[in-house]
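Sequence below, structure please.
(2 chains)
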Amino acid sequence: MALWGPSPRGYSMALCTPADRANLAGVRHIVLVLSGKGGVGKSTLSTELALALRHAGKRVGILDVDLCGPSIPRMLRVQDSAVHQCDSGWVPVFVGQDKAIALMSIGFLLERPDDAVVWRGPKKNALIKQFVTDVAWGELDFLIVDTPPGTSDEHISTVEALRPHQLLGAVLVTTPQAVSVGDVRRELTFCRKAGLHILGIVENMSGFVCPHCSECTNIFSKGGGEELAKHAGVPFLGCVPLDPQLSQSLEEGRDFIQEFPKSSAFPALTHIAQQILDTSQRSS
Amino acid sequence: MAEAPGAPEECPGTGSAQAGRAAACQGCPNQGLCAAGAAGPDPAEAAELRARLRAVRHTVLVLSGKGGVGKSTFSALLAHGLAADETKQVALLDIDLCGPSIPKIMGLEGEQVHQSGSGWSPVYVEENLGVMSVGFLLSSPDDAVIWRGPKKNGLIKQFLRDVDWGEVDYLIVDTPPGTSDEHLSIVQYLSASRIDGAVIVTTPQEVSLQDVRKEINFCRKVKLPIIGVVENMSGFVCPKCKNESQIFPPTTGGAEKMCQNLSVSLLGKVPLDPQIGKSCDSGQSFLAEAPESPATLSYRKIIQRIQEYCEQHHLQEEKIM
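From the prediction side, this is the model:
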């Protein structure tokens, strides 16, 4: 993708579909995964949530709007795939054993995986708008939107573009330390100002159980996410422990939910997915 | 930099040297205006920036494509480490506008910036260590900076132009993750002075390294020298049984392999130590709180290498001049 030049691969204005073709019309619930802080596990949660909902029999898509650091393609081991055009727009990449999870990410538009997307706001906004209007998702029960850290261009544009659609709400991810919780407090303010419903807060990387002696060490402290949820009066969706099996399966692009049902992070992740399922059933 | 209303998608930005001249400007209603220099970089402003930055001897950017890898922790410890020499004046500038962590890590939460005749005064941790962050401008910890690019760029410029840093030996700039507005702007504005180089922070997993490779490519594109890479969270030693676990496994060889492949130097690896996070939360310097820990020793070595690099860089520049 010629990042300083005008035309990324498969990115041609002439082929753009009109917005009224409503590619999101068949999507029943949209869930945003947000955090003020980077590296807390937004992409991890987005990926595992998608897998868990898929194993619960739902049709799931993931839209990755982290344009400078797209992680999802690798986490699902489709980093070498490309998107194609069809009459109704971009065809997402289908992943998983039964090719049942639809994924769109800027990672698929890069010529080389290490290309940097050196874009200022307006270009990022234009691509996000295109991601929202021009991807042919088809029929989906859930579209999970993974975001970069912060409260800036990508977030404002994503919320603006998704507002007319079936936006169920946002899941906020934090790690337990005060430094991370502080940034997530600001993200809560963003959600309130943007009128975005908060589905709840997830505390990730909370506690590490030594595989040798079973001693639990709170490497990044403990309880910060739950406290914040209480303080802000929003649901607390649960703690996900630091689990080397989880990081390993994301590195290798394996299906953690299917392969590691005995691991410590498994019950936490499936519990979070269940709560989102419950909320979606209440709303529809 | 401001985007003109109705500007084409590829608008180089009204503050850019390419304003009105880039290919994308063809057909833009504002092309004439931009080309005439009405919106281009203001020469008076550039001179002002240069005058302010003349008193800065060394500038080091702390970057990473990935979030949460320890950029702010490292920036803070680098500042503390350099300021341990009382004859050196150190400035720490936090340009992570949406997630400013530096005030908390430096123990300065709730501090406000004061306005003086010569501009904004930084907040001082020690006599020779001044800090500036958007966190000092917010009235409550719940305040969010919900800004698009142009406003962020404006504030970064103000941080460089309007802060009365005084004479500074080292300016450390902590950045947000990514390769976007903040990064382009800081490099553009600092081009009025010298940037010694960038320190790139990563964690060992491929998911982090893949973003960091992009950051290295960014540095190469904007001709920013790379001082080296720091691998953070590299192995965890259980405090009870002393066995090591790879919580963030280096499945593709970690930073070491990446540095070899890209011919960048590896400054060092820092193990995960629960005390680091605790010290950050309580606003204390980890180097002072755990002077004997393996992580401190590793940080100290890295800081020393950066210092040596900067001195060398300075000597070379003087020779050229």
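
need the contact list for whatever residue of the stretch 101-250 of chain A ends up closest to chain B.
When you check the stretch 101-250 of chain A against chain B by CB to the nearest CB, the closest residue turns out to be A:Gly121, at 3.2 Å. C-beta: built from backbone N, CA, C; applies to glycine. Contacts were defined as CB atoms under 8 Å, 6 or more residues apart in numbering or on different chains; by that measure A:Gly121 touches A:152-153, B:3, B:148-150, B:180-181.

tell me the secondary structure for A:Val171?
In the three-state summary, A:Val171 is assigned as strand, counting by DSSP: H, G, I helix; E, B strand; the rest coil.

secondary structure element for A:Pro122?
Taking DSSP states H and E as the definition, one finds A:Pro122 inside helix A:121-134.

ok so, going back, where's the dip in pLDDT among the contacts of A:Gly121?
Among the contacts of A:Gly121, B:Glu3 has the lowest pLDDT, at 46.

returning to that earlier point: show the pLDDT at the residue of the stretch 101-250 of chain A closest to chain B.
Note on A:Gly121: pLDDT of 95.

Check B:Ala47 and give its pLDDT.
Model confidence at B:Ala47, given as pLDDT, is 86.

Torsion angles phi and psi at it?
phi -70, psi -40 (degrees, to the nearest 10).

again, but for A:Leu167
The phi and psi values for A:Leu167, taken as degrees, to the nearest 10, are phi -80, psi 110.

Now do the contacts for it.
Applying CB under 8 Å, 6+ apart to A:Leu167 gives the contacts A:30, A:32, A:196-197.

Against A:Phe142, how distant is it?
When CB to CB, to the nearest Å is the yardstick, A:Leu167 and A:Phe142 sit 12 Å from each other.

A:Val31 falls within a strand, correct?
Yes: secondary structure of A:Val31, determined by three-state DSSP: located in a strand.

beta partners for it?
A:Val31 has the following beta-bridge partners by DSSP bridges: A:Ile144, A:Gly169.

Backbone dihedrals for the residue lying closest to the residue of the stretch 101-250 of chain A closest to chain B once chain neighbours are set aside, please?
With sequence-adjacent residues excluded and distances taken as CB to CB, 6 or more residues apart in numbering or on different chains, A:Gly121 is closest to B:Gly149, at 3.2 Å. Dihedral angles of B:Gly149 (phi, psi; degrees, to the nearest 10) stand at phi -50, psi -60.

Likewise for B:Leu108?
Comment: the main-chain dihedrals of B:Leu108 come out as phi -120, psi 20, following degrees, to the nearest 10.

just the strands in chain A please.
Assigned by DSSP state E, the strands in chain A fall at A:27-34, A:60-64, A:84-86, A:89-91, A:93-95, A:101-105, A:140-146, A:167-174, A:198-209, A:216-217, A:236-242.

A:Ser283: which of those is closest?
Smallest distance to A:Ser283 across the strands of chain A (CB to CB): 6.3 Å, for strand A:167-174.

how far does the closest one sit from the chain's center?
Strand A:167-174 has its C-alpha centroid displaced from the chain centroid by 9 Å (CA atoms, centre = their mean, to the nearest Å).

so what's residue 174 up against?
Answering for chain A, as no chain was given. By CB under 8 Å, 6+ apart, A:Thr174 lies in contact with A:35, A:37, A:40, A:180-181, A:183-184, A:201-204, A:224-225, A:228.

The intended chain is chain B.
For B:Asp174, the residues meeting the contact criterion (CB under 8 Å, 6+ apart) are B:62, B:71-72, B:75-76, B:92-96, B:101-102.

all helices of chain A, in order?
Secondary structure of chain A by DSSP state H: the helices cover A:42-55, A:72-75, A:121-134, A:153-162, A:178-193, A:224-232, A:244-252, A:256-259, A:265-283.

how far does the first one sit from the chain's center?
Just to be clear, that refers to helix A:42-55. In this view, helix A:42-55 has its centroid 8 Å away from the chain centroid, taken as CA atoms, centre = their mean.

how much does it deviate in direction from strand A:140-146?
With axes from the mean of the first three to the mean of the last three CA atoms, to 10 degrees defining the directions, helix A:42-55 sits at 170 degrees from strand A:140-146.

so helix A:42-55 versus strand A:101-105, what angle?
For helix A:42-55 against strand A:101-105, the angle by the same axes, to 10 degrees is 160 degrees.

Check what pLDDT B:Pro8 gets.
Looking at B:Pro8, its pLDDT is 60.

got it, and B:Arg194?
B:Arg194 is assigned 81 on the pLDDT scale.

in terms of contact, does B:Trp165 touch B:Leu92 like I think?
No: judged on CB atoms under 8 Å, B:Trp165 makes no contact with B:Leu92 at a distance of 10.4 Å.

higher neighbour count, these two?
B:Leu92 (29 against 22; other CB atoms under 10 Å in any protein chain shown).

Quickly note the distance from the closest residue in space to the more buried one that isn't next to it in sequence to chain A.
Distances taken as CB to CB, 6+ apart put B:Ala79 closest to B:Leu92, at 4.3 Å, once the chain neighbours are dropped. B:Ala79 sits 16 Å away from chain A, going by CB to the nearest CB, to the nearest Å.

starting at the chain centroid, how far to the stretch of helix or strand B:Ala79 belongs to?
Secondary structure here is read from DSSP H and E; on that basis B:Ala79 sits in helix B:71-83. Here helix B:71-83 shows a centroid-to-chain-centroid distance of 11 Å under the convention CA atoms, centre = their mean.

how much does that helix deviate in direction from helix A:178-193?
With the same axes, to 10 degrees as the basis, helix B:71-83 and helix A:178-193 are set at 130 degrees to each other.
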